[in-house]
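Peer 1: here's a sequence, model it:
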Amino acid sequence: MPGPAPKDPKLRQRRNRSSTRATLVRVAKPRQRAPSLPKERDWHKLTKAWWKDIWHSPMADEYLRADRHALYRLAALIDMFWSEPTKELGAEIRLEQQAFGLTPLDRRRLEWSIEQVEAAQKKTRKTEADTAHEEDPRNVLRMSA
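Peer 2: Residues are numbered from 1 along each chain as shown. Next up, the predicted model:
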């Protein structure tokens, strides 16, 4: 007795392709100005530095205007943490920042990679310079008669 008809091959293909994969490029051009933190409170200097850093990072190009509201909430948590650090606030910050790729592990989970253009170019130049100064090992081999 025959079994069920085979599935259409299009339906059998794996559909777990990543929709978040991106290569984030460090751009030499100046980025657009970071949005201002709300003026209703006096922000801790470390919170201001964090805010500036995230908006000048390669990840900032991935953030939508709608993401700002969650980033404001995260900034408020970070500000509270710097004023009065607690383990609970630290844990909440860790959970909230996962969505924005703010740690290397979070970027890996989101499949974001930061193109290390400058570092790779310097490494390539150094390797080429080292290789140019080395003697060709084939010159050591001589045929004797």
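Peer 1: if I've got this straight, residue 82 is in a strand?
Peer 2: No. Read with DSSP: H, G, I helix; E, B strand; the rest coil, residue 82 is helix and lies in no strand.
Peer 1: spit out the contact partners of it.
Peer 2: 44, 46, 47 (C-beta atoms under 8 Å, 6 or more residues apart in numbering). Bear in mind the C-beta positions are built from the backbone N, C-alpha and C, glycine included.
Peer 1: for residue 8, state which of those is nearest.
Peer 2: Among these, residue 47 lies closest to residue 8 (C-beta to C-beta), at 54.1 Å.
Peer 1: does residue 70 touch residue 97 like I think?
Peer 2: No. Counting by C-beta atoms under 8 Å, residue 70 does not reach residue 97; the two are 9.9 Å apart.
Peer 1: that older thread, compare the contacts of residue 82 and tell me which has the most neighbours.
Peer 2: Highest neighbour count within those, by other C-beta atoms under 10 Å: residue 47, with 22 neighbours.
Peer 1: my guess is it meets residue 78, correct?
Peer 2: Yes. With contact defined as C-beta under 8 Å, residue 47 counts as touching residue 78 (5.2 Å).
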